[in-house]
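I would like the atomic coordinates for the input below:
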Amino acid sequence: MRHVLLVTFAVLLGVSGLALAQDAGSDTLTIARIEESETMDPHNTTTISSIEIYNLVYDTMVALDDSMAPVPGIATWTVSEDGLEYTFRLREGVRFHSGDPLTAADVKFTLDRWLANDASPTRFTINSITAVEVIDDLTVLLRLDEPYVLLLSSLAAPYASILNASFVEQHGDQYGTSPQTTDGSGPFVLTEWVRQDRMVLERNDEYTWGPEAFDNRGPAHFARVVWRLIPEDSTRIAELEAGNVQFTANVPELEVDILEMSPTVQVIRYEDPNTTFIGFKMGKPPLDDVRVRRAINHALDRDELVFGAFGGLATPAYSPVSSLLPFASERATESGYRFDPERADELLTEAGWVDRNGDGVREKDGQDLELLWMYSPFTFTDNLIPLVQEQLAAVGVRVTPRQLEWTAYLAALRAGEHEMMLMSVRYINEDGIMFFYFNSEQRPAPNRFDFVDYEVDEWLNVGRTSLDDAARAEAYENIQLRAIETAVFAPVAHQLRAVGASRDLSVAVHPYYVLYKLLDTKLAQ
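Sure thing, here's the model as predicted:
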């Protein structure tokens with residue numbers, strides 16, 4: 001596979017202790033992460049902590065190469081001239097971990113199930129499909145009601161993992177809640193899941209059908225992969241430096257430069273499309289007033305946040321969309337809110353919020369301007385939260401943070417318990433952030449803002465279906481400008497990524513999925 005980032009370090013200075021954890025053996029890879037997986041049902045979540053396991057346990061018909069282009073996964077395809085029919089031919093010999101063959105009937109079951117799931121936060125990525133027809137055991141036809149230019153990249157997403165129809169039907173609502181209720185066809189088998197502690201995956205020795213974009217199409221080099229939950233930054237990095245874990249994608253931003261000097265660790269830097277933002281529950285006072293939302297945007301000194309919270313490993317965000325994407329709008333970036341505390345003061349005063357008590361907190365009708373800010377820990381939150389509190393306090397807004405464990409956090413957001421929320425999201429294309437968050441039908445989640453704009457819905461449809469790139473660019477720019485105008489959220493930063501690995505590990509880093517299938521990652525020679 002041609003990897004954009006393929007980093008190999010030999011064991012230095014003869015320090016054999018840098019090898020993989022001795023008690024686990026050199027055929028075991030131990031990975032540290034900060035979040036628990038939510039579920040092994042790919043239709044019911046968008047969390048990165050679940051996605052990184054889906055990529056190992058499941059297969060998709062389409063894969064993404066290092067340039068983010070769709071390439072064959074377990075299927076090849078042809079497309080009709082009008083863009084309304086996609087015919088997929090499955091690879092022969094693909095089997096689920098249970099031993100069942102993967103057939104076109106499983107593809108139909110998977111897509112039909114996904115399309116019928118009204119609660120799925122990702123159903124929108126394939127809702128242009130009107131029919132799934134089995135032609136023969138290895139051939140499936142997808143019919144669309146209108147062209148959808150993003151269909152192949154949508155079918156490359158982990159949410160499009162092909163499920164074993166009989167296995168899902170056997171376990172019903174319990175599917176994906178344990179190793180015993182999970183069945184995939186990927187390079188690894190989920191064998192142990194101790195919640196809030198670890199997930200253990202064993203190599204699928206029969207796996208030889210990895211995407212051709214990989215140098216190694218299977219089986220994987222490691223016989224066993226252990227995902228350890230280590231939310232504490234200091235503990236996670238100490239375990240990495242000691243060799244007790246060999247990889248983490250969760251390196252605290254303020255420690256990257258220091259970690260690069262470690263004799264036992266390599267730091268790998270790369271970029272992916274992402275946005276960290278503070279979201280507003282627009283249906284709740286006082287955030288139902290656009291002046292308050294605009295004031296908060298103006299009160300944020302993003303340059304200070306980039307260096308104080310992200311250690312410079314980010315760029316300030318003024319628009320919802322990363323500049324790495326083709327339809328990111330320069331006009332939107334130029335129109336984004338800049339640090340202007342005086343303007344923030346003016347907007348809050350216009351909205352009727354004044355400091356009558358002299359305590360620095362604005363009030364209106366006897367109510368203090370105090371906002372509940374829910375979040376789940378990221379590597380940067382310990383530094384970001386107090387900085388934002390301080391910046392908003394400077395214009396008279398009191399922020400009360402509430403930290404929740406990831407799954408509890410998502411549940412609270414779905415229930416609408418928040419006023420402000422913190423999110424850091426990765427996406428493959430413009431649809432992955434704009435349709436995902438701004439489409440009115442995505443309420444109550446992932447559109448957790450109460451944002452409804454039917455003109456935006458129309459523009460989103462143009463962006464998804466038009467074969468005219470100029471029309472798509474105009475539609476996406478309009479959406480970005482409308483998001484800024486309405487101050488639906490406050491973009492904070494576009495992160496620059498850094499992961500840490502043992503120096504004796506040859507790590508193939510995918511620019512979006514990081515370890516992806518783990519087929520080309522191995523011990524250095």
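
I figured residue 83 hits residue 144, correct?
Yes. Here residue 83 reaches residue 144: they are 7.2 Å apart, a contact under C-beta atoms under 8 Å. Every C-beta, even on glycine, is put in place using the N, C-alpha and C of the backbone.

Between those two, point out the one with more neighbours.
Per other C-beta atoms under 10 Å, whichever of residue 83 and residue 144 has more neighbours is residue 144, with 21 against 16.

Beta-bridge partners for that one, please?
residue 129 (DSSP bridges).

That one reaches residue 127, doesn't it?
No. Look at residue 144 against residue 127 with C-beta under 8 Å: they stay out of range, at 9.9 Å.

dump the residue contacts of the residue nearest the centre of the chain.
The centre of the chain sits closest to residue 426, judged by C-alpha atoms, centre = their mean, with a distance of 4.1 Å. The contact partners of residue 426, by C-beta atoms under 8 Å, 6 or more residues apart in numbering, come to 48, 272-274, 432, 512.

Could you identify the most distant pair in the residues you listed?
48 and 273 (13.5 Å; C-beta to C-beta).

Settle it for me: which of the two has more neighbours?
residue 273 (22 against 18).

and the closest residue in space to the more buried one that isn't next to it in sequence, how many neighbours?
Excluding the flanking residues, the one nearest residue 273 by C-beta to C-beta, 6 or more residues apart in numbering is residue 322, at 4.0 Å. By other C-beta under 10 Å, the residues close to residue 322 number 20.

Please apply the same query to the one 5 residues further on.
Counted by other C-beta under 10 Å, the residues lying close to residue 327 total 19.

For it, which non-adjacent residue is spatially closest?
residue 476 (4.1 Å).

show me the contacts for the one you found.
321, 327, 329, 430, 434, 459, 463.

Tell me which of those residues has the lowest pLDDT.
Ranked by pLDDT, the contacts of residue 476 bottom out at residue 430, which scores 90.

And that one, how far from residue 473?
Going from residue 430 to residue 473 by C-beta to C-beta, to the nearest Å gives 10 Å.

Looking at these two now, which is surrounded by more residues?
It is residue 430, of residue 430 and residue 473, that has more neighbours when counted by other C-beta under 10 Å, with 28 against 17.

Let me see the ranges of the strands in the stretch 51-200 of the chain.
Secondary structure of the stretch 51-200 of the chain (DSSP state E, counting those that start in this stretch): strands at 62-64, 70-72, 75-79, 85-90, 129-136, 139-144, 188-194, 198-203.

Please apply the same query to the stretch 301-450 of the chain.
Ranges of strands in the stretch 301-450 of the chain, per DSSP E, counting those that start in this stretch, are 314-316, 363-364, 367-368, 370-375, 398-403, 420-426.

Show me how far the last one is from its chain's centre.
To tie it back to what came earlier, the one meant is strand 420-426. 10 Å (C-alpha atoms, centre = their mean, to the nearest Å).

Now do that strand against strand 370-375, angle only.
Computed by axes from the mean of the first three to the mean of the last three C-alpha atoms, to 10 degrees, the angle separating strand 420-426 from strand 370-375 equals 30 degrees.

from memory residue 400 sits against residue 375, does it?
No. Using C-beta under 8 Å, residue 400 is not in contact with residue 375; the gap is 11.4 Å.

Neighbour count: those two, which is higher?
residue 375 (20 against 12).

got a list of what the more buried one touches?
Residue 375 is in contact with 381, 385, 401-404, 409, 421-422, counting by C-beta under 8 Å, 6+ apart.

Next, the buried residues of stretch 232-241.
Within stretch 232-241, the residues that count as buried by 16 or more other C-beta atoms under 10 Å are 233, 236-237, 239-241.

among the contacts of residue 375, which two are most distant?
The most distant members of the contacts of residue 375, if one measures by C-beta to C-beta, are 385 and 409, lying 13.8 Å apart.

So which of the two has more stuff around it?
A count of neighbours by other C-beta under 10 Å puts residue 409 above the other of residue 385 and residue 409, at 22 against 18.

Please name the nearest non-neighbouring residue to the more buried one.
Nearest non-adjacent residue to residue 409, counting by C-beta to C-beta, 6+ apart: residue 376, 3.9 Å away.

Hmm, residue 35 and that neighbour touching each other?
Yes. Between residue 376 and residue 35 there is a contact at 7.4 Å, judged by C-beta under 8 Å.

what sits in contact with each of these two?
Common contacts of residue 376 and residue 35, defined by C-beta under 8 Å, 6+ apart, comprise residue 406.

Which one of these two is surrounded by more residues?
Using other C-beta under 10 Å as the criterion, residue 376 and residue 35 rank with residue 376 on top: 23 against 20.

Model confidence at the more buried one, what's the number?
95.

what about it, distance to residue 107?
34 Å.

Identify the contacts common to residue 430 and residue 473.
Counting by C-beta under 8 Å, 6+ apart, the common neighbours of residue 430 and residue 473 are residue 327.

Report the contact partners of residue 290.
Contacts for residue 290 (C-beta under 8 Å, 6+ apart) come out as 486-487.
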